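[1] make a model of this:
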Amino acid sequence: LAGSQTGDLALLTAQGLLRVSSGARNDLMDVAVRPDGEAWAVGAGATLLHRIDGGWVALDAVVAPTVTLFTVTALSDGRVIYGGTGGVLRVLNPDGGVDKPDLFEANGTTLIQGQTLNKDLRRIRQVGGTVWAVGSRGALLREAANGWHVVNNPGTNTDHWLDLAGNDAGVIWVTGEGAQ
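    Just a heads-up that it's a prediction; the model follows:
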């Protein structure tokens with residue numbers, strides 16, 4: 001559970017919620033946990049935390065300190081993908097390196113000029129074998145072998161997508177706020 005004003009988290013135990021200090025001084029927005037218990041949390045002020053040996057350790061998110069990271073997902077292949085304001089999207093590799101993946105227009109071949117979306121990414125999730133990202137002003141992206149591709153979604157450019165979920169059969173639901 002995330003979302004406190006002091007960078008605290010809470011762990012759900014049999015006795016209820018147990019507040020755990022992360023050491024972060026910024027609001028936390030999301031947390032991801034692998035089946036083995038390894039965890040990451042993200043938040044305001046470019047906060048990226050990794051739970052190691054029972055404690056939270058701050059990592060360099062390789063983004064401007066003014067960026068709010070809204071979303072993080074931990075994949076079974078060892079990668080951790082996180083995103084936030086201004087379309088920031090980063091991949092933390094199992095070797096500890098951080099990549100800024102290429103962003104492509106919907107046609108899959110044209111690189112986006114400046115490699116920025118100017119849209120906030122609010123949620124990144126793996127559905128089946130594909131990783132998806134959604135966000136403000138109709139942002140919808142999918143990961144491909146050569147980078148991330150914008151997905152055309154006509155008529156939704158004013159919608160603010162907040163979350164997504166799906167199954168291995170390819171059924172995906174996206175929730176958000178319409179700008180009517």
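[2] buried sites along stretch 21-38?
    Of all the residues in stretch 21-38, those buried under the rule 16 or more other CB atoms under 10 Å are 22, 24, 26-32. No exception for glycine: its C-beta is placed from N, CA and C like everyone else's.
[3] need the next SSE after the helix or strand containing Ala41, C-terminal direction.
    Secondary structure from DSSP states H and E places Ala41 in strand 39-43. Moving toward the C-terminus from strand 39-43, the next helix or strand (DSSP H and E) is strand 47-52.
[4] direction included, what does that following strand pair up with?
    According to DSSP bridges, strand 47-52 has the following sheet partners: strand 39-43 (antiparallel), strand 55-58 (antiparallel).
[5] state the mean pLDDT of it.
    Averaged over strand 47-52, pLDDT sits at 93.
[6] which residues touch Val62?
    Val62 is in contact with 90, 98, 100, counting by CB atoms under 8 Å, 6 or more residues apart in numbering.
[7] can you rerun that using 6 Å?
    Val98 (CB atoms under 6 Å, 6 or more residues apart in numbering).
[8] pLDDT at it, what is it?
    According to the model, Val62 carries a pLDDT of 93.
[9] likewise for Ile172?
    The predicted local confidence for Ile172 comes out at a pLDDT of 92.
[10] ok, what's across the strand from it?
    Ile172 forms beta bridges with Gly166, as assigned by DSSP bridges.
[11] how close does it get to Val134?
    In this structure, Ile172 and Val134 are separated by 10 Å, where distance is defined by CB to CB, to the nearest Å.
[12] burial count for Thr13?
    The tally of other residues near Thr13 (other CB atoms under 10 Å) stands at 8.
[13] likewise Leu121?
    For Leu121, using other CB under 10 Å, the count is 25.
[14] how many neighbouring residues does Ala45 have?
    Heads up, residue 45 is Gly, not Ala. What Gly45 shows, counting by other CB under 10 Å, is a neighbour count of 15.
[15] that one and Asn26 touch, don't they?
    Yes: with the criterion set as CB atoms under 6 Å, Gly45 and Asn26 qualify as a contacting pair; they are 4.0 Å apart.
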